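Trainee: What would the 3D arrangement of this be:
(chains A, B, C and D)
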Number of protein chains: 2
Amino acid sequence: MNEKVTSLEVARLAGVSQSAVSRVFSGASASKTTVAKVRAAALDLGYRPNPLARAMITGKSRIIGLVVAYLDNQFYPMALERLSAALQEKGYHMLVFLASNSAQDIEKVMQELLDYQLDGIITASVAMSNDLTARCAAEGIPVVMFNRGQDGSGVSSVTSANVTGGRRVADFLLAGGHRRIAHIAGWQGSSTGRDRQTGFLQGLSAAGAAVAGLVDGMYNRDTAAQAAVHLMAQPFPPDAIFVGNDHMAFAVMDQLRAIGLSVPADVSVVGYDDVPLASWGAYDLTTIRQPVNRMVEATVDTLLAQIEDPQRAAQRIEIDGPLMVRGSARIPKGHAR
Amino acid sequence: MNEKVTSLEVARLAGVSQSAVSRVFSGASASKTTVAKVRAAALDLGYRPNPLARAMITGKSRIIGLVVAYLDNQFYPMALERLSAALQEKGYHMLVFLASNSAQDIEKVMQELLDYQLDGIITASVAMSNDLTARCAAEGIPVVMFNRGQDGSGVSSVTSANVTGGRRVADFLLAGGHRRIAHIAGWQGSSTGRDRQTGFLQGLSAAGAAVAGLVDGMYNRDTAAQAAVHLMAQPFPPDAIFVGNDHMAFAVMDQLRAIGLSVPADVSVVGYDDVPLASWGAYDLTTIRQPVNRMVEATVDTLLAQIEDPQRAAQRIEIDGPLMVRGSARIPKGHAR
DNA sequence: CCCGGTTTTGCATACGTTTGCGAAATCTCT
DNA sequence: AGAGATTTCGCAAACGTATGCAAAACCGGG
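Mentor: Have a look, this model is predicted:
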């Protein structure tokens, strides 16, 4: 039914050469009259340049690969939405690759990533070994890791200021008068998990306090809930828990309430991310906000800059975010909400 | 650094023609020895066929466009994840298009959709006018609407059995002894919203009951919360509310609790979707499960079948889902949980 | 009106694959 | 072993665009 209309047909109708049509649509120089004739003919025929053909010749597909593991954590859908919107604005689109974190699976995804002539890659939440990211870089495809850092490897990354954030939580809980503070950490295989923990522990020891329990929650609801049970079963249970991200914090709150404890009366809970759900009535979670918008902006800027200039050095961007004080943790006296 | 290796180089190394290489990788006939030689050479050079070049000549890109409006509702990230995984399994990938529901925006997205040589399109949650879907169909691109139906238009759709589901909720609430039952409906501009409401009202009137309040919640948290307030401010407020989807139901529960009402003691709440959050402790929401896995399966099957055979008639698939009985609504005596 | 300089234009080729077509090779059966 | 049927192979032409190069058109100034 639909005859795909090519630049050649437009050229014929406009009475110019095919190259002229190409130049008009690729923004190269052309005289006023030519542009007018071509535009008219194109509109008439309903012509639009074929991105695939264009990609093949230029080597630029205007497609960005997004590699993501899971979308359970509300933070990622949000980021995905924002990233896609931002890229769309710049004339790019996102091809989605799911990589459950098994090494074998990632290997397969990597192959496909390289097949498509992606202009760039954004990895979110996925644990790519140094090897793999390095290989991408070697293939000359710009990579930006979103919400995950990687020391040493020459790969760009955008995260929030996780160390600072962790520290901020420690300060806040200490100011609230808590003395037995535990931490259900983010997955220690990830930089975010490690950094938040580092900052948090720094904050505690700066005040001469020891951590009252420390478990790796693996960014997993069940693991975190179990950890909460264990922590509270100790002879001297904590009166505050800093949880490595909101996703786990919700599980922890559910669990604490299930065993009859009140938040924050019995135990304060603080999360990390500030996903939309954190502000909903049922949780009202005090948490560090990851400034998604600015993180997305930085990610896109970095990626596009790197696409423009492949020689550009890898960036390592950290964006600070505020503590959102809500009702899940005791509020220090005199604290300005 | 990275020399892109082409089929021609493989051919040279293997001592065969370029066409032979192509045939080996496109699954056409070739002799054992040729296959072996080519495979060896390809492995040696690290060759993999270029999907873009392939797409250009065959007209098949193995890319499916996913058009989605928002990802706030936890149902969609989940669906997206499953869809992407299922497609990946079949050798397809998903290009994401964000379409905030403004007509102008959709128009732009549509143009881009047509530019890329998409093999098919899945629309989720987005309100495409008959005109637009029809245009896609006219261009010969198979379209499947996920979680949204459209009467008349010859476009395939996959939904849950929304009428049945709505009816099921009515029956359940009536069995629970409720007599003043209100409905905060899903957006009436969508088939899901309308169908659920239809089934629900049918259920009520079959039992001779009238609805104790009916508002369009627009699938929006704030609207739904406002609606809840208004409903409860009536002289004879409802003792049960069926909310058009979980996303709004959470807002309603938050709101009810905020004004000092207890769920389900004062008022029962039932949702629709059964997103993960529904089973979490803080809400423990009774809701109709939309069987995402089977819906995704049906969507992918339908789409691929339509790609195989463009003459295939549009399907209209409805998949029934059970009521997940939890704690947010009074449980009828003797009801088997 | 002519000349140097700047744009603009068309021609032809390239990008990396698939695929129809005839030639060559292989197989099958007597 | 040879004829016919079948399979495999290479050649070359697509697919729809971008772009280097040289010719053509245009510009302003003397």
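
Trainee: distance of residue A:191 from DNA strand C?
Mentor: 36 Å (CB to the nearest atom of the strand, to the nearest Å). Every residue, glycine included, has its C-beta placed from N, CA and C.

Trainee: so who does that residue touch?
Mentor: For residue A:191, the contact set (CB atoms under 8 Å, 6 or more residues apart in numbering or on different chains) comprises A:148, A:149, A:150, A:151, A:157, A:159, A:162.

Trainee: The stretch 201-337 of chain A against chain B: which residues are in contact?
Mentor: Residues of the stretch 201-337 of chain A found near chain B (CB under 8 Å from any CB of the partner chain) are A:250-251, A:253-255, A:257-258, A:276-277, A:280-283.

Trainee: Now, those residues that are in helices?
Mentor: Of these, the ones assigned to helices by DSSP state H are A:250, A:251, A:253, A:254, A:255, A:257, A:258.

Trainee: Am I right that the last one is in contact with residue B:281?
Mentor: This points to residue A:258. Yes. Under the criterion of CB atoms under 8 Å, residue A:258 makes contact with residue B:281 at 5.7 Å.

Trainee: Which one's more surrounded, those two?
Mentor: A side-by-side neighbour count of residue A:258 and residue B:281, using other CB atoms under 10 Å in any protein chain shown, places residue B:281 first with 16 against 12.

Trainee: okay, that one: pLDDT?
Mentor: Here the pLDDT value assigned to residue B:281 is 96.

Trainee: does residue A:107 sit in a helix or strand, and which one?
Mentor: Assessed by DSSP states H and E, residue A:107 sits inside helix A:103-115.

Trainee: Could you pull out the buried residues of that helix?
Mentor: A:106, A:109, A:110, A:112, A:113, A:114 (16 or more other CB atoms under 10 Å in any protein chain shown).

Trainee: now, which of those residues lie close to chain B?
Mentor: A:112, A:114.

Trainee: Most widely separated two among the buried residues of helix A:103-115?
Mentor: Within the buried residues of helix A:103-115, A:106 and A:114 form the most distant pair, 12.7 Å apart (CB to CB).

Trainee: overlap in contacts of those two?
Mentor: If you check residue A:106 and residue A:114 against CB under 8 Å, 6+ apart, no residue is contacted by both.

Trainee: Tell me where chain A has helices.
Mentor: A:7-14, A:18-25, A:32-45, A:51-58, A:75-89, A:103-115, A:130-138, A:162-175, A:191-206, A:221-232, A:246-258, A:292-308.

Trainee: follow-up on the earlier one: out of the residues of the stretch 201-337 of chain A next to chain B, which are buried?
Mentor: For those, buried by 16+ other CB under 10 Å: A:250, A:251, A:253, A:254, A:255, A:277, A:280, A:281, A:282, A:283.

Trainee: and the last one, what is it in contact with?
Mentor: Applying CB under 8 Å, 6+ apart to residue A:283 gives the contacts A:249, A:250, A:253, A:277, A:328, B:282.

Trainee: Tell me the residues on chain A that lie near DNA strand D, please.
Mentor: A:4, A:6-8, A:18-19, A:22-23, A:25-26, A:28, A:47-50, A:53-54, A:56-58 (CB under 7 Å from any atom of the strand).

Trainee: Tell me the buried residues within those residues.
Mentor: A:6, A:7, A:22, A:23, A:25, A:47, A:49, A:50, A:53, A:54, A:56.
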